[in-house]
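**Student:** have a look at this fold, sequence not included:
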């Protein structure tokens, strides 16, 4: 069973295959209207369950559109619809869904929920996001960087801010795609030591640097994300803002990066918190190319999972 659960659970060769497939499909569409189907219809007759315990814009729309462009159909289910792990065990839900659908995408809170779904499902399961990782986003990010700047191998990628789930998957990608990674942010918000150690064992440099100006020096890519979650209470939000304010990505910080450095943010952004509007809308920014590439990368992930 070919699940897509994390960057480090998929071989580097398969990850590269997915990126190349995404690029090929994007080119093949040739700018045609978004609602028109692909010439190739690999998901014709297939049903894909899209499960959202967490709300979403980009993940929901990009997966839904991607399935439809490839000829398949979607069934969108919320956590409230399913009451995962409450009225029925996750294992039994996985077994039942496997009788109805060909593929499951899940956006959930706890990683254990995703892993239990994958363990008991008889169809591939895709990680649409957990509190711990966000691999689909990073596949789109690698694709976007390479569209603009060529191979990411050997490049310097800097994360500024909170070492959250997106950051975790980016650290995993450093090891798999062979780029160097620098984290700049508070020590209390660093990515998990397990992620850092695994990337270093794969031979890439992973650096922790408290000074953001030193961290971004010579960077090929600067990445950030929101400082707060929609689920954080007001006191948590204020504390995080105070911790992370020195790590805002602004024009002064980007000026210290490499002259051709790109800026990415997985969105939604809180403009003028983690990143200024000047950077978001500036020459370094590729955030909307990045958002579009969620569609193409996820189409390639689904094809890979189903061998179609």
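**Tutor:** Nice, I can see it. Since the model is a prediction, treat every value here as computed from it, not as a measurement.

**Student:** mind listing the strands for this structure?
**Tutor:** For the chain, strands defined by DSSP state E occupy the ranges 47-52, 73-78, 103-107, 125-129, 156-160, 180-184, 206-208, 221-224, 262-265.

**Student:** tell me the angle of the fifth one relative to strand 180-184?
**Tutor:** Orientation check (axes from the mean of the first three to the mean of the last three CA atoms, to 10 degrees): strand 156-160 against strand 180-184 gives 20 degrees.

**Student:** now swap in the third one and tell me
**Tutor:** For the pair strand 103-107 and strand 180-184, the angle between their directions (the same axes, to 10 degrees) equals 30 degrees.

**Student:** now strand 103-107: mean pLDDT?
**Tutor:** Averaging pLDDT along strand 103-107 gives 98.

**Student:** next one: the shortest one
**Tutor:** Mean pLDDT, computed over strand 206-208, is 98.

**Student:** who are the packing partners of that strand?
**Tutor:** For strand 206-208, the packing partners by 3 or more CB pairs under 8 Å, 6 or more residues apart in numbering; DSSP states H and E come out as strand 180-184, helix 193-201. From N, CA and C alone the C-beta is placed, and that goes for glycine too.

**Student:** out of the ones you listed, nearest to residue 12?
**Tutor:** Of all these, helix 193-201 sits nearest to residue 12, with 12.3 Å by CB to CB.

**Student:** what comes up buried for the closest one?
**Tutor:** Buried positions in helix 193-201, judged by neighbour count with 16 or more other CB atoms under 10 Å: 195-196, 198-199.

**Student:** hang on, the earlier thing: the helices and strands packed on strand 206-208 into a markdown table, with extra columns for mean pLDDT and distance to residue 118?
**Tutor:** Shown next, in a markdown table, are these (pLDDT from 0 to 100; distance: least, CB to CB, whole Å):
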| stretch | mean pLDDT | distance to residue 118 |
| --- | --- | --- |
| strand 180-184 | 98 | 27 |
| helix 193-201 | 98 | 19 |
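
**Student:** now for the ones you listed, which one comes closest to residue 261?
**Tutor:** strand 180-184 (12.4 Å).

**Student:** same for that closest one, what does it pack against?
**Tutor:** strand 156-160, helix 165-177, strand 206-208, helix 212-216.

**Student:** next, format those as TSV and append mean neighbour count.
**Tutor:** Below are the helices and strands packed on strand 180-184 laid out as TSV (neighbours: other CB atoms under 10 Å):
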stretch	mean neighbour count
strand 156-160	26
helix 165-177	26
strand 206-208	16
helix 212-216	20
